[in-house]
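Trainee: Mind folding the following:
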Amino acid sequence: MLKLTHRALKTVAAFALFGLMSGTAEAGPPLICHPFDAGSAPLLPWGPGTGWNSPDRKYDIQRLTADTLQLLTPTTPVLARMEIMRRATIYAGQDKKVAGALLKAVLDRAKALPQDSRDPMPGFDAGYLIESYRQNEGSAGWKMADGAADGYAYVRKAIQLAGQNAEMEFAASLMQQGAVAAEHRRRAIAGAPEGSLLAKNIARMQ
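Mentor: Take a look at the predicted model:
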């Protein structure tokens, strides 16, 4: 059995409660334990299993940083970014050096933007990966995001830069609890056309 840190235990317990209260099919940290439907968008390799933790055992995780950055293009949809980083986090949990290299590369890309840049994606990616690392600490058994900044703050700023972005609101709702999460979820639902990929993903989390 994994020896969990006090913070990791609190995280797992909190999101297990979130799952029970919201009626989700699977309890657990929502950024990790609930695969996102990204449609036909390219993603990291994955195994044939149907559960949330089904990585491709043949995948060379030494390629993880390069492969992840290659997939996170300026035009990659937010839902695809969420699933790419969910998978990347699970892979990164296998190797501390790989995890550190990926996080540094994603953060460096966000920090390299000019101060007047209106591009929300690098900041979104940085914040989303940080919070994914945090939510995966219970499964990984070590502090993947130890010393990292507040990922939610990155995502909140990305939402401000993007203007109205329902997919980012959905992402933010999975990082918070209570009234803050509910407000992000409300905005996500309001911006999700009936039958859209976003609406389907939201419904799966109900």
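Trainee: Can you list the low-confidence ranges for this structure?
Mentor: Scanning the chain for pLDDT under 70 picks out 1-26.
Trainee: cutoff 50 now
Mentor: Along the chain, segments meeting pLDDT under 50 span 1-25.
Trainee: next one: phi and psi at the closest residue to Ala182 other than its chain neighbours?
Mentor: Nearest non-adjacent residue to Ala182, counting by CB to CB, 6 or more residues apart in numbering: Ser173, 7.7 Å away. (C-beta placed from N, C-alpha, C; glycine too.) Main-chain dihedrals, Ser173, degrees, to the nearest 10: phi -60, psi -20.
Trainee: can I assume Ser173 is in contact with His184?
Mentor: Yes - between Ser173 and His184 a contact is recorded at 3.7 Å, counting by CB atoms under 8 Å.
Trainee: Provide the secondary structure category for Ala66.
Mentor: Recorded secondary structure, Ala66: helix (DSSP: H, G, I helix; E, B strand; the rest coil).
Trainee: Tally up the residues packed near Gly39, please.
Mentor: Applying other CB atoms under 10 Å, we find 11 residues neighbouring Gly39.
Trainee: what sits against it?
Mentor: Gly39 sits next to 77, 79-80, 197 when contact means CB atoms under 8 Å, 6 or more residues apart in numbering.
Trainee: Tell me the most packed of those, by neighbour count.
Mentor: Ala80 leads the contacts of Gly39 on contacts (other CB under 10 Å) with 23 neighbours.
Trainee: That residue touches Ser40, doesn't it?
Mentor: No - using CB under 8 Å, Ala80 makes no contact with Ser40, being 9.3 Å away.
Trainee: Please identify which helix or strand holds Ala88.
Mentor: Here Ala88, judged by DSSP states H and E, is contained in helix 78-92.
Trainee: Which positions in the next helix or strand after that helix come out as buried?
Mentor: Downstream of helix 78-92, the first helix or strand assigned by DSSP H and E is helix 96-111. Using 16 or more other CB atoms under 10 Å as the test for burial, helix 96-111 gives 98-99, 101-103, 105-107, 109-110.
Trainee: which stretches of this protein form helices?
Mentor: For the chain, the helices defined by DSSP state H cover 6-22, 30-33, 64-71, 78-92, 96-111, 121-135, 137-140, 151-162, 166-173, 178-190, 197-204.
Trainee: quick revisit: so what secondary structure elements neighbour the helix holding Ala88?
Mentor: helix 30-33, helix 64-71, helix 96-111, helix 121-135, helix 166-173, helix 197-204 (3 or more CB pairs under 8 Å, 6 or more residues apart in numbering; DSSP states H and E).
Trainee: Among the ones you listed, which comes closest to Ala153?
Mentor: The closest approach between Ala153 and any of these, judged by CB to CB, belongs to helix 121-135 at 6.9 Å.
Trainee: I'd like to check the angle between the closest one and helix 151-162, please.
Mentor: On the basis of axes from the mean of the first three to the mean of the last three CA atoms, to 10 degrees, helix 121-135 is oriented at 160 degrees to helix 151-162.
Trainee: C-alpha coordinates for helix 121-135, PDB please?
Mentor: Output of helix 121-135 as PDB, limited to C-alpha atoms (Å, rounded to 0.1, in the frame of the first residue of the first chain):
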ATOM      1  CA  MET A 121      -3.000  28.800 -23.600                       C
ATOM      2  CA  PRO A 122       0.500  28.600 -22.100                       C
ATOM      3  CA  GLY A 123      -0.700  29.900 -18.800                       C
ATOM      4  CA  PHE A 124      -3.700  27.600 -18.900                       C
ATOM      5  CA  ASP A 125      -1.400  24.600 -19.600                       C
ATOM      6  CA  ALA A 126       0.900  25.600 -16.700                       C
ATOM      7  CA  GLY A 127      -1.800  25.900 -14.200                       C
ATOM      8  CA  TYR A 128      -3.700  22.800 -15.300                       C
ATOM      9  CA  LEU A 129      -0.500  20.700 -15.100                       C
ATOM     10  CA  ILE A 130       0.300  21.900 -11.700                       C
ATOM     11  CA  GLU A 131      -3.100  21.100 -10.300                       C
ATOM     12  CA  SER A 132      -3.100  17.800 -12.100                       C
ATOM     13  CA  TYR A 133       0.200  16.900 -10.400                       C
ATOM     14  CA  ARG A 134      -1.300  17.900  -7.000                       C
ATOM     15  CA  GLN A 135      -4.400  15.800  -7.500                       C
END
